[in-house]
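Enquirer: Sharing a model that was predicted from the sequence below.
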Amino acid sequence: MKPEAKPDTEREKGPETERENRPGAAAVSLTINGRKVKARKGDTVLEAARDAGIEIPTLCHHEALVPTGSCRLCVVEVTQAGRTRTMASCVTPVADGMKVATDTARIKSIRRTVVALLEARCPDIDIIKKLARKVGLKKNPFPRDDSDCFLCGMCVRACHEIVGVGAIGIANRGPDSEVMPPFSLESSVCIGCGTCAAICPARTFTLEKVFRRRSMHVTGGVNSVFRCKVCESHYTGA
Ligand code: SF4
Ligand code: FES
């Protein structure tokens, strides 16, 4: 007997996001760049702005990941209770009566400095070059490096939050920080899915396939996995 087809509406509906399930749709009123905007309780300023068609640049933000506010590119001015502060919009929740400005002279200047620091660290990364052009960065006052990772942490968060294994992490501190498998040794929990490489906005990872082995190279090391000799479909750690 043929299984009963689901109604179109149910089949066509994609998986619900955590955000779609938040209660209190359009429960919060705020102003963004002088425009009155409605948002859900629990939304971030970035989500409210994007829903209203207002662009805020981001680098370490991805809808599938918990925001961490690490790159500071999405900085905006937030005025509440008569006090104005600069905040990362991806981690700032909306509130009733909040006033947000996304493109004041001060914000543009902070964003230019953020991009200058990123460009000094990763001068050859396409997404950073594009941002530098966008913010009108002409001369960079910061000393130049040649890293190909700007430490947004998205690969690490994706491995932990989406794949659920934690095969890579950020080691060391400050400018010496690097993405690597734990202790720079090949991880025994990596499943070779390549989610880290797919999500990296800098395209820092190199995926290599040699016979039964699949390797993910990143700045601080490599994770290699091997195709299962029995089922030929699973990969197993080192
Ligand atoms: S490797 Fe890519 S995703 Fe990971 S921290 Fe560096 S730039 Fe971000
Ligand atoms: S996108 Fe908000 S801090 Fe990076």
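Expert: Yes, it's here. Ligands and ions are numbered 1, 2, ... in the order given.

Enquirer: could you say which helix or strand contains residue 222?
Expert: Per DSSP states H and E: residue 222 is located in strand 221-227.

Enquirer: Check residue 117 too.
Expert: Using DSSP H and E, residue 117 falls within helix 105-121.

Enquirer: does any part of the helix or strand that comes right after that helix sit near ligand 1?
Expert: Moving toward the C-terminus from helix 105-121, the first helix or strand encountered (DSSP H and E) is helix 126-134. No: residues of helix 126-134 are not located near ligand 1 by C-beta under 6 Å from any ligand atom, the shortest gap being 8.9 Å. (C-beta placed from N, C-alpha, C; glycine too.)

Enquirer: CA-only coordinates of the very next helix or strand once past helix 126-134, as CSV, when you get a sec.
Expert: Per DSSP H and E, the first helix or strand lying C-terminal to helix 126-134 is helix 154-158. As requested, the backbone C-alpha atoms of helix 154-158 are provided in CSV (Å, rounded to 0.1, in the frame of the first residue of the first chain):
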residue,chain,number,x,y,z
MET,A,154,33.0,29.7,12.3
CYS,A,155,34.8,26.4,11.4
VAL,A,156,35.2,25.5,15.1
ARG,A,157,31.7,26.4,16.0
ALA,A,158,30.2,24.5,13.0
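
Enquirer: Contact residues of this structure facing ligand 1?
Expert: Neighbours of ligand 1 within the chain, by C-beta under 6 Å from any ligand atom: 149, 150, 151, 152, 153, 154, 155, 179, 200, 202, 204, 218.

Enquirer: Nearest to residue 140 among those residues?
Expert: residue 150 (14.2 Å; C-beta to C-beta).

Enquirer: Break this protein down into its domains, please.
Expert: The chain breaks down into these domains under automatic domain parsing: 22-103, 111-146, 154-236.

Enquirer: Give the rounded mean pLDDT of the longest one.
Expert: Looking at domain 154-236 alone, the average pLDDT works out to 84.

Enquirer: ok now it, how far from the chain's centre?
Expert: Offset of domain 154-236 from its chain centre (C-alpha atoms, centre = their mean, to the nearest Å): 17 Å.

Enquirer: Any idea how many residues pack against residue 182?
Expert: Neighbourhood size, residue 182 [other C-beta atoms under 10 Å]: 15.

Enquirer: which residues touch it?
Expert: By C-beta atoms under 8 Å, 6 or more residues apart in numbering, the contact list for residue 182 reads residue 169.
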